[in-house]
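**Q** dropping a prediction and its sequence here:
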Amino acid sequence: MLTVTEKANSPSRTKGSKMARKIALEQIRNIGIMAHIDAGKTTLTERILYYTGRIHRMGEVHEGGATTDFMDQERERGITIMSAATSCAWNDHKINIIDTPGHVDFTVEVERSLRVLDGAVAVFCGVAGVEPQSETVWRQADKYKVPRMAFVNKMDRVGADFDNVLSMMRDRLGAHPVAVQIPVKDQDDFLGIIDLIEEVYLTYNEKEDGSVFEKTEIPADYAARATEARQQMIEDAADYDDSLASRYLEGEAVTPEEIRAALRKGTLAGSLVPVFSGSAFKNKGVQQVLDGVVDFLPAPNDVAPAQGLHPDTEAPIEIKPDDDAPFTALAFKVSTDPYVGKLIYFRVYSGTMNVGDQVFNVTQGKADRLSRVVAMHADKREELKEIRTGDIAAAVGMKRVTTGDTLAEKKHPVLLEAMRFPEPVISVAIEPKTKADEDQLTIALQKLSEEDPTFRVKTNDETGQTLIQGMGELHLEIIVDRLRREFNVAANIGKPQVAYRETITTASEQRTKFARQTGGRGQFADVHIRLEPNKAGFEFHSKIKGGAIPTEFIPAVEKGIVESLDNGVLAGYPMLGVKATLLDGSFHEVDSSDIAFKIAAAQAFREACLKAEPRLLEPIMDVEVVVPEEYMGDVMGDLSSKRGKIAGMGTRGEARVIDAQVPLSEMFGYVNRLRSLTQGRGVFSMQFRDYDLLSDQLQSQLVTRIRGVV
């Protein structure tokens, strides 16, 4: 394995003078704030910015004044739609923060943020605990091995239960939460917080915006509970520090510094999750969360080095976080700014680069110039002269860069792992309201699709309609609203359409010859393939031996099959779950070519699909409905009428929780239906689960309708 640590003498590294690092790498924290919608992520971020002096007045989400919710749609709806980057300073540390959305339609913003972050703060509602999107973002963090700490928010709310949230973290997330604080409540009044590490009681002066808090002795009524909780915390920490374990077992006192050091080891290993409590809205506990970020979450050089490949040899390369190493960065987000144009957000994994230097887009094999770089504070920009290891910044004017591209030095190319995003599950037809809007609509849709990898634009070849595809009704609703506000384009949209898929249910074989003679050199190819259902996705194998088809033509066979997957044989939907095997064939020494084998393979694939009992697949959603008990029967009956399967029932505070699996096609407009059934008191959330076979009757109706339109 190669290691990117050697000092580079490329031209890009000798231009200009390198300034001394103002903040040591060990004092940088790149973190994300993640949670289910309405758990309080943005409010927590707003308080963090206030207490660190980054802003001088706290804005409220419900008033549309939050710093990181700067889009008009975010302020009007009180939700986060796009992840927002900002930074602040605390205890001589620089903290780069990305506030992520909690709505499942915008989960791509969480995915690409976690890809480049070193740590995360998971926010849980003290009443609702671990909610569906909490699980989704937690699994995303697991995927990228991101160390986490947790903040149990809204402890001032009626029904808030700190211990219940810890239990839900264990049961639903498989996490090992370690309480480093416990809340103090009197009935439903949230009075303060017991710091188990320092063994003090924290109370806050609400008249001073929570900026002033007092440390006193632990209340007598809570002394026994605090002692027990502290012992449990030390026992959990001792598993990661032998010295602490031996001293604790021998009955010796352990210092707060020793406890923090041991908890940090467990957190960085991904084994422990320190848990804090408080109320961001009531300005309680936020400063301690900032202390936790510094104490427990990793610096860029605390996490495992990024892994990449050489673009030509595919040799593995380890990218160590070092300012003197060759420059390596990952573009994780593209955004359109109304004032400066295209913004490319990127994370620097190694090296240093000055403004004006040339960088190499390894993914696309093209050079570009770093003409202008800015640090982002929500929608505000601060000019930078250079960027270093661990920095998160944005470049202005790099037109060729897209989400997931690797930026490096041409003499030291490395390709970081590409980012993968979920497929859209819903589509609508869109058309400009006037002829004058036609060109503008095309340009605007292109810019929006560059920003959002889960938003797709395609043209139906049969009908000529332009289709936009996304992750849900809200996702596409926001897209259309942005067209009107940001791009001044008026458009009409059709009814939402489900993104069905096609598959095969039995094995089949097909031999197809493609022969064409036009006077000169002809075209000839002969392929024999077998198709089988395959739950793992698409696979292609070749069993050709002995030269029945020359080796150089086999990739053309695979390409013909891969391109055919885009249009199924029943209704033209993309195909899933197919294994294709090339069994045999023949060729002509003169007339055979790549194009001939590609065409023959495509024809054989379609004919084999027709013989393999093709079926339509529909997207199934995991749906969680929270309702008062008196409406439970009506809601369950309604879900069953929508072909839903009830997967479980539970209790959350005074409310009842219904877990169901429902086809997406049945969920359009459900928000209004649920309000009607529960007099506005029910709420629901849903996320994509899997594709499942459509019934014969519904498949017949759908295919007939589509073919009738065509």
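**A** Sure, I can see it. Bear in mind the structure is a predicted one, so any value in this text is a computation, not a measurement.
**Q** drop to CA atoms for contacts and neighbour counts, all remaining ones
**A** Noted.
**Q** quick check on residue 42: phi, psi?
**A** Note on residue 42: its backbone torsions stand at phi -70, psi -40 [degrees, to the nearest 10].
**Q** distance check, it against residue 394.
**A** 21 Å (CA to CA, to the nearest Å).
**Q** if you count what's nearby, which of these two comes out ahead?
**A** residue 42 (30 against 25; other CA atoms under 10 Å).
**Q** shouldn't that one be in contact with residue 99?
**A** Yes - judged on CA atoms under 8 Å, residue 42 makes contact with residue 99 at a distance of 6.5 Å.
**Q** please name the residues that touch residue 604.
**A** Contact analysis of residue 604 by CA atoms under 8 Å, 6 or more residues apart in numbering lists 510, 511, 512, 527, 528, 529.
**Q** for those, give me TSV that also has distance to residue 384, secondary structure and neighbour count.
**A** Putting these into TSV (distance: CA to CA, whole Å; DSSP: H, G, I helix; E, B strand; the rest coil; neighbours: other CA atoms under 10 Å) gives the following:
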residue	distance to residue 384	secondary structure	neighbour count
510	61	strand	19
511	62	strand	20
512	61	strand	20
527	58	strand	27
528	60	strand	20
529	57	strand	23
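**Q** what's the neighbour count on residue 643?
**A** Using other CA under 10 Å, residue 643 has 13 neighbouring residues.
**Q** I'd say it and residue 665 touch.
**A** No - with contact defined as CA under 8 Å, residue 643 does not reach residue 665; the gap is 10.0 Å.
**Q** shared neighbours, those two?
**A** Listed contacts common to residue 643 and residue 665 are nil; contacts here mean CA under 8 Å, 6+ apart.
**Q** ok so, going back, of the contacts of residue 604, just say which sits nearest to residue 485.
**A** Closest to residue 485 out of those is residue 529 (51.6 Å), distances taken as CA to CA.
**Q** what about the stretch 501-650 of the chain, any weak spots by pLDDT?
**A** Filtered on pLDDT under 70, the stretch 501-650 of the chain yields the residue ranges 519-520, 546.
**Q** could you list which residues are in contact with residue 429?
**A** Contacts of residue 429 by CA under 8 Å, 6+ apart are 465, 466, 467, 468, 493, 494, 495, 496.
**Q** kindly recompute the last result at 7 Å.
**A** 465, 466, 467, 468, 493, 494 (CA atoms under 7 Å, 6 or more residues apart in numbering).
**Q** go ahead and build a PyMOL selection from the buried members of those residues.
**A** Here is the PyMOL selection string for the buried members of the contacts of residue 429, based on 16 or more other CA atoms under 10 Å:
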select buried, resi 466+467+468+493
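**Q** hmm, back to that, out of the contacts of residue 604, who's nearest residue 269?
**A** Among those, and counting by CA to CA, the member closest to residue 269 is residue 529, at 48.1 Å.
**Q** which element, helix or strand, includes the spatially closest residue to that closest one that is not a sequence neighbour?
**A** Leaving aside its chain neighbours, residue 529 sits nearest to residue 582 (4.5 Å; criterion: CA to CA, 6 or more residues apart in numbering). Taking DSSP states H and E as the definition, residue 582 sits inside strand 578-586.
**Q** need the next SSE after that strand, C-terminal direction.
**A** As assigned by DSSP H and E, the chain's next helix or strand after strand 578-586 is helix 594-611.
**Q** just the buried positions in that next one, please.
**A** Buried residues in helix 594-611 (16+ other CA under 10 Å): 594-609, 611.
**Q** can you check stretch 383-394 too?
**A** Quick answer for stretch 383-394 (16+ other CA under 10 Å): 386, 387, 388, 389, 390, 391, 392, 393, 394.
**Q** starting at the chain centroid, how far to that stretch?
**A** Remark: stretch 383-394 is offset 23 Å from the chain centroid, using CA atoms, centre = their mean, to the nearest Å.
**Q** any idea how far apart the tips of it sit?
**A** 10 Å.
**Q** contacting residues around it?
**A** Residues contacting stretch 383-394 (CA under 7 Å, 6+ apart): 300, 321-323, 343-355, 373-376.
**Q** still on that earlier bit, just checking: what are the partner strands of the strand holding residue 582?
**A** strand 523-533 (antiparallel), strand 539-542 (parallel) (DSSP bridges).
**Q** can you show me the CA trace of the last one as PDB?
**A** In PDB, the C-alpha atoms belonging to strand 539-542 read as follows (Å, rounded to 0.1, in the frame of the first residue of the first chain):
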ATOM      1  CA  GLU A 539     -24.600  -9.500 -12.300                       C
ATOM      2  CA  PHE A 540     -22.900 -10.500 -15.500                       C
ATOM      3  CA  HIS A 541     -20.800 -13.600 -16.000                       C
ATOM      4  CA  SER A 542     -19.300 -15.200 -19.100                       C
END
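**Q** name the surrounding residues that touch the helix or strand just after that strand.
**A** Downstream of strand 539-542, the next assigned helix or strand under DSSP H and E is helix 554-564. Residues outside helix 554-564 that contact it (CA under 7 Å, 6+ apart) are 540, 594, 597, 598, 599, 601, 602, 605.
**Q** any idea how far residue 579 is from the nearest residue to the fifth one once chain neighbours are set aside?
**A** Once its chain neighbours are removed from consideration, residue 599 has its nearest residue in residue 560; the separation is 6.2 Å (CA to CA, 6+ apart). When distances are taken as CA to CA, residue 560 and residue 579 turn out to be 14 Å apart.
**Q** more neighbours, those two?
**A** Higher neighbour count among residue 560 and residue 579: residue 560, with 23 against 19, using other CA under 10 Å.
**Q** residues contacting the nearest residue to residue 527 once chain neighbours are set aside?
**A** Of all residues beyond its chain neighbours, the one nearest residue 527 is residue 585 (4.3 Å), with distances taken as CA to CA, 6+ apart. By CA under 7 Å, 6+ apart, residue 585 lies in contact with 526, 527, 528, 548, 549.
**Q** most packed of the strands paired with strand 578-586?
**A** Most buried of the strands paired with strand 578-586, by mean neighbour count (mean count of other CA atoms under 10 Å): strand 523-533, with a mean of 23.
**Q** need the contact partners of stretch 524-541.
**A** Here stretch 524-541 has contacts from 504-516, 558, 576-588, 591-592, 596-597, 600-601, 608, using CA under 7 Å, 6+ apart.
**Q** just the buried residues of the residues you listed.
**A** Buried among those by 16+ other CA under 10 Å: 504-505, 507-514, 558, 576-587, 591-592, 596-597, 600-601, 608.
**Q** ok, which stretches of the stretch 351-500 of the chain are helices?
**A** Counting by DSSP state H, counting those that start in this stretch, the stretch 351-500 of the chain has these helices, from start to end: 437-451, 473-486.
**Q** just grab the bridge partners of residue 396 for me.
**A** residue 343, residue 372.
**Q** need the contact list for it.
**A** 342, 343, 344, 372, 373.
**Q** before we move on, back to that, going by distance to residue 273, which of the contacts of residue 429 wins?
**A** Of the contacts of residue 429, the one sitting nearest to residue 273 (CA to CA) turns out to be residue 468, at 40.3 Å.
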